[in-house]
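Colleague: sequence and predicted structure below; questions after.
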Amino acid sequence: MANDGTKIGILTGGGDCPGLNAVIRAVVKASHMRGWRAVGIRGGFEGLLEPMQYGFLDYRDLGPLLTQGGTILGTTNRGRFAAKTGRGGVSRIPQEILDAARAGFDRMGLTALVCVGGDGSLTIAQQLFEQGMPAVGVPKTIDNDLEATGITFGFDSAVRCATDALDRLHTTAESHERVMILEVMGRHAGWIAIAAGISGGGDVILIPEIPFSYERVVAKIQERESMGRRFTLVVAAEGARPQGGDLVVADASAQDREIRLGGVGGVVAREIERRTGKETRVCVLGHLQRGGGPTSFDRLLCTRFGAEAVNLIAEKRFGLMVALHGPDLAAVPITEAIGRLRTVPADGDLVRAGRALGISFGD
Ligand code: F6P
């Protein structure tokens, strides 16, 4: 179709995750089908500022983006746009940065902007929208902790990775009759831990939403021992913490971003060993959960999200985020997705299913 002068900008912000490239592909292809041009902005929102970093994207030159991990546009979760202060808290972007971003958008000659990101990036997108920039959002995060969508893309791929890890830890734990702890991502929400924990046959699942007691964790290990099950699989979200205790922080020094969590698995392992005398090992899955290509579920979701983001622009419905509600796509105000995190309900069906199977949440 002949180009009609419409130019769609797309950027990826925050931590990367599987499926970002699949969204880029969908946006670029769907734009092309409408006779629009797509412009990739590099380095997240930073690319809108001087020195501006951007270029036209032609899907015929892009290679196999559907399956490729990471983001060809690059991303960052720090810098001049840092808008997230933790647990959904929001800070205002300085007005001069918003003005400079608007100026960059105008100089690129863009018609609208697709912002792909989690609560931090969507918070920025909302503030740009309030400045009059026509923006739409696509919800991304392996943590799955965004409000207003049933699921974010990247989550399924991360759960697949964590479940594979548990399957592998299962056999070695059983062979050596050890306690094995798998530490997974999840700062404020335990979605990865609970989904992978249940899918991978975990015995103890520790999530931020349910502070645990070492007595209860040890009781589960001993209960299994008494049944002749001489190994135990523990899944711990990085944001899990003992009742009355603190988060385990890997690095609190950064000024322009959230503190870096990590290490709860090691802390729990030492305490289990001390209390039970049982050999306990830890595997920290870390960024393996964010790397690599998306699962087929995520490829489909990313493609639907990307195509729908272009539809919203065609309908001039800005300030909205594409979302999944049940089996269907929806469009919700970005404001509904930010400022509050979606955490695992402590009395929700996942926890109930886990408890029904005898899984301990350490409480
Ligand atoms: O928000 C997604 C997430 O994967 C969190 O679970 C984790 O705490 C954080 O990103 C790690 O980010 P970084 O890439 O800065 O280590």
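Modeller: Looks like it arrived, so ask away. Numbers count the residues shown, from 1 in each chain.

Colleague: pLDDT at the closest residue to Leu247 other than its chain neighbours, what is it?
Modeller: Excluding the flanking residues, the one nearest Leu247 by Cβ to Cβ, 6 or more residues apart in numbering is Arg241, at 5.3 Å. The C-beta positions use only the backbone N, C-alpha and C, and glycine is treated the same way. Reading off the confidence values, Arg241 has pLDDT 97.

Colleague: give me the neighbour count for Arg241.
Modeller: 18 (other Cβ atoms under 10 Å).

Colleague: give the other helices and strands that the lengthiest helix in the chain contacts.
Modeller: For the chain, the helix with the greatest residue count under DSSP state H is helix 155-176. Applying 3 or more Cβ pairs under 8 Å, 6 or more residues apart in numbering; DSSP states H and E, one finds that helix 155-176 contacts strand 179-184, helix 191-199, strand 232-237, helix 296-314.

Colleague: who wins for proximity to Thr75 among the ones you listed?
Modeller: The minimum distance between Thr75 and these falls on helix 296-314, with 15.0 Å, by Cβ to Cβ.

Colleague: CA-only coordinates of that closest one, as PDB, when you get a sec.
Modeller: Written as PDB, here are the backbone C-alpha positions of helix 296-314 (Å, rounded to 0.1, in the frame of the first residue of the first chain):
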ATOM      1  CA  SER A 296       4.500 -19.800  21.400                       C
ATOM      2  CA  PHE A 297       2.000 -18.400  23.900                       C
ATOM      3  CA  ASP A 298       4.100 -15.200  24.100                       C
ATOM      4  CA  ARG A 299       4.700 -15.000  20.400                       C
ATOM      5  CA  LEU A 300       0.900 -15.100  19.800                       C
ATOM      6  CA  LEU A 301       0.200 -12.600  22.600                       C
ATOM      7  CA  CYS A 302       2.900 -10.200  21.400                       C
ATOM      8  CA  THR A 303       1.600 -10.300  17.900                       C
ATOM      9  CA  ARG A 304      -2.000  -9.700  19.100                       C
ATOM     10  CA  PHE A 305      -0.800  -6.800  21.300                       C
ATOM     11  CA  GLY A 306       1.300  -5.200  18.500                       C
ATOM     12  CA  ALA A 307      -1.400  -5.400  15.900                       C
ATOM     13  CA  GLU A 308      -4.000  -4.000  18.300                       C
ATOM     14  CA  ALA A 309      -1.700  -1.100  19.300                       C
ATOM     15  CA  VAL A 310      -1.700  -0.200  15.600                       C
ATOM     16  CA  ASN A 311      -5.500  -0.500  15.500                       C
ATOM     17  CA  LEU A 312      -5.800   1.900  18.400                       C
ATOM     18  CA  ILE A 313      -3.600   4.400  16.600                       C
ATOM     19  CA  ALA A 314      -5.700   4.100  13.400                       C
END
